[in-house]
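Chemist: missing the sequence, but the structure's below:
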């Protein structure tokens with residue numbers, strides 16, 4: 001039998017219970033925003049992908065994709 005506290009899951013729980021990473025005094029969600037692309041960039045990419053996919057899909061299926 002494995003003693004309590006020696007399993008991999010226990011070790012992960014101990015690691016996660018330690019202090020959170022330093023973010024320079026900035027709340028974590030605010031620091032994460034620098035890694036996310038702009039909303040309009042995502043919208044433009046999705047529109048372009050949908051338009052490119054329409055060229056390769058059957059007409060019945062392509063009709064479900066929105067037009068720009």
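Modeler: Perfect, I can see it now. Small disclaimer: the values here were computed from a predicted structure and weren't measured.

Chemist: can you give me the strands in the chain?
Modeler: Read by DSSP state E, the chain holds no strands at all.

Chemist: Where does the prediction get shaky in it?
Modeler: 1-28, 68 (pLDDT under 70).

Chemist: Quick one: the helices in the protein, in order.
Modeler: 8-16, 28-32, 39-54, 59-62 (DSSP state H).

Chemist: So residue 62 is in contact with residue 52, correct?
Modeler: No - contact between residue 62 and residue 52 fails when scored by Cβ atoms under 8 Å: they sit 11.1 Å apart. Every C-beta, even on glycine, is put in place using the N, C-alpha and C of the backbone.

Chemist: Include mean neighbour count when you put the helices of the chain into a markdown table, please.
Modeler: Formatted as a markdown table, the helices of the chain follow (neighbours: other Cβ atoms under 10 Å):
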| stretch | mean neighbour count |
| --- | --- |
| helix 8-16 | 9 |
| helix 28-32 | 10 |
| helix 39-54 | 11 |
| helix 59-62 | 10 |
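
Chemist: Skipping adjacent residues, who's closest to residue 53 in space?
Modeler: If the residues on either side of it in the chain are set aside, residue 53 comes closest to residue 65, at 6.7 Å by Cβ to Cβ, 6 or more residues apart in numbering.

Chemist: Kind regards, and thank you for your time.
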